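*Asks:* model this:
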Amino acid sequence: MNNYSFFLFTIFFFLLSCSESSNSNQKNVPTGIEKNKELESKVISIVAYDQTSSYNFEEPILTLALPLSLLEISGLSYVPETDQLLAVNDERGWIFFLNATNGEIEEKKTFSGSGDFEGIEWLGDQISIVKSNGDIYFYKEGKEEPTNKVKTQFKPSNDIEGLAFDVANNRLLLACKGNPNLGKSDKYKKVKNIYSFDLEKNKLEEVPFISVEDEALEDYVKDFAKANDFSKKKKKKLKGRVNDFSPSGIAIHPETKDFYLLSSQGKLLIIYTAAKELKEVVFLDTKIHRQPEGICFAPNGDLFISNEGKGLGAKIMKYD
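*Replies:* As a prediction, this is how the structure comes out:
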């Protein structure tokens with residue numbers, strides 16, 4: 001082979017080797033479509049885990065340890081004028097004024113004897129407390145006894161635990177942990193009902209304000225589990241938690257006006273929009289929230305959740 005022929009052969013072999021090497025590398029590099037699919041998959045996963053509420057429920061910014069007299073803390077509210085927390089326990093008719101930064105009791109007032117008191121709300125000029133049988137107490141500063149006590153159509157079987165003040169509409173919202181029906185009716189099944197009490201008319205509205213349907217919560221879990229590719233075992237566990245939903249607290253977000261429904265059973269936070277549409281189900285960390293009973297917001301949106309002691313000290317968790 002002469003020098004010229006050898007030179008051409010070398011060039012040809014070099015080009016052939018480069019082409020094969022290039023093709024080989026391209027097999028490991030995703031095409032534009034594959035890249036988009038890969039990115040889309042990651043985005044779906046992130047969105048599914050990043051719940052829409054603006055709170056990081058995995059890490060409270062503050063934990064308040066409460067004294068023994070609040071071991072059975074139930075209701076919780078916020079006093080904007082003094083930046084205090086209001087609390088009540090489910091055994092005695094006491095109103096506790098708490099320091100919102102360290103949990104210390106700054107004042108305690110008596111409004112009744114013993115009883116199963118479950119919710120408390122600051123109404124501005126007075127304080128409202130609800131008993132599990134549906135009795136609503138109204139207490140004004142400087143008074144030794146409640147200024148008014150309203151007997152509603154609720155019965156002990158309704159087991160009222162949640163109480164919230166809808167200031168824009170001058171009404172109270174009451175959550176039934178037990179029987180969702182009023183009186184002898186058995187119309188509502190497989191739901192948990194929230195009722196409203198008109199403060200101007202001093203009247204309980206008989207049509208539920210919000211009905212939380214078991215089926216709607218189960219459908220949410222199905223979609224949530226599918227988006228995250230959860231195993232059947234994990235999906236079943238989450239379904240079991242939403243089936244346990246029984247509201248123990250209720251609060252209205254000061255900015256979005258969303259309704260936050262807390263459940264000690266299942267350790268859940270169910271969020272409804274201002275239009276009363278199911279927005280989100282938050283599965284609270286069971287290690288952080290052993291028995292969540294009360295919920296309230298500060299005017300700036302800071303969220304507080306109280307937990308009964310359940311063998312340990314009672315606590316309040318704050319989320320900003």
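
*Asks:* show me what contacts Asp83?
*Replies:* By Cβ atoms under 8 Å, 6 or more residues apart in numbering, the residues touching Asp83 are 100, 298. No exception for glycine: its C-beta is placed from N, CA and C like everyone else's.

*Asks:* please enumerate the helices of the stretch 51-200 of the chain.
*Replies:* For the stretch 51-200 of the chain, helices defined by DSSP state H, counting those that start in this stretch do not occur.

*Asks:* err, the stretch 201-320 of the chain, not the other one
*Replies:* Under DSSP H, counting those that start in this stretch, the stretch 201-320 of the chain gives helices at 214-227, 232-243.

*Asks:* quick check: which of those is nearest to Leu70?
*Replies:* For the helices of the stretch 201-320 of the chain, proximity to Leu70 was assessed by Cβ to Cβ; helix 232-243 is nearest, at 26.6 Å.

*Asks:* convert the C-alpha atoms of that closest one to CSV, please.
*Replies:* Provided in CSV are the C-alpha atoms of helix 232-243 (Å, rounded to 0.1, in the frame of the first residue of the first chain):
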residue,chain,number,x,y,z
LYS,A,232,-51.8,-0.4,48.5
LYS,A,233,-50.8,-0.7,52.1
LYS,A,234,-50.1,3.0,52.5
LYS,A,235,-53.2,3.9,50.6
LYS,A,236,-55.3,1.7,52.9
LYS,A,237,-53.7,3.4,56.0
LEU,A,238,-54.5,6.9,54.7
LYS,A,239,-58.1,5.8,53.9
GLY,A,240,-58.4,4.5,57.5
ARG,A,241,-57.3,7.8,58.8
VAL,A,242,-59.9,9.8,56.8
ASN,A,243,-62.6,7.3,57.8
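
*Asks:* just how off-centre is it within its chain?
*Replies:* 17 Å (Cα atoms, centre = their mean, to the nearest Å).

*Asks:* got it, and stretch 204-219?
*Replies:* 16 Å.

*Asks:* what do you get for stretch 176-196?
*Replies:* Distance, centroid of stretch 176-196 to centroid of chain: 21 Å (Cα atoms, centre = their mean).

*Asks:* what are the contacting residues of that stretch?
*Replies:* Taking Cβ under 8 Å, 6+ apart as the rule, stretch 176-196 contacts 153-155, 157-162, 166, 171-175, 204-206, 208-215, 245-248, 250, 259, 261.

*Asks:* in contact with Asp166, which residues?
*Replies:* 172-173, 196, 252.

*Asks:* typo on my end, it should be Ile252
*Replies:* Per Cβ under 8 Å, 6+ apart, neighbours of Ile252: 164-166, 173, 258-260, 297.

*Asks:* circling back to that earlier point, among the contacts of stretch 176-196, which ones are buried?
*Replies:* 154-155, 158-162, 166, 171-175, 204, 208-210, 212, 245-248, 250, 259, 261 (16 or more other Cβ atoms under 10 Å).

*Asks:* which of the contacts of Asp166 lies closest to Gln265?
*Replies:* Nearest member of these to Gln265, counting by Cβ to Cβ, is Leu173, at 19.3 Å.

*Asks:* isn't the closest one up against Gly162?
*Replies:* Yes - using Cβ atoms under 8 Å, Leu173 is in contact with Gly162, at 7.3 Å.

*Asks:* which residues do these two both contact?
*Replies:* 194, 250.

*Asks:* low pLDDT regions in the stretch 101-250 of the chain?
*Replies:* 142-146 (pLDDT under 70).

*Asks:* if you set the cut-off to 50 instead, what comes out?
*Replies:* Judged against pLDDT under 50, the stretch 101-250 of the chain has no low-scoring part.

*Asks:* show me where it has its strands.
*Replies:* Assigned strands in the stretch 101-250 of the chain, in chain order: 105-114, 117-122, 127-131, 136-139, 148-150, 160-166, 171-176, 191-198, 203-204, 210-213, 247-252 (criterion: DSSP state E, counting those that start in this stretch).

*Asks:* next, format those as a markdown table and append distance to Leu76.
*Replies:* Shown next, in a markdown table, are the strands of the stretch 101-250 of the chain (distance: least, Cβ to Cβ, whole Å):
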| stretch | distance to Leu76 |
| --- | --- |
| strand 105-114 | 14 |
| strand 117-122 | 7 |
| strand 127-131 | 12 |
| strand 136-139 | 16 |
| strand 148-150 | 21 |
| strand 160-166 | 10 |
| strand 171-176 | 14 |
| strand 191-198 | 17 |
| strand 203-204 | 22 |
| strand 210-213 | 20 |
| strand 247-252 | 7 |
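
*Asks:* and Pro292, which of these is closest to it?
*Replies:* strand 247-252 (6.7 Å).

*Asks:* done for today, thanks.
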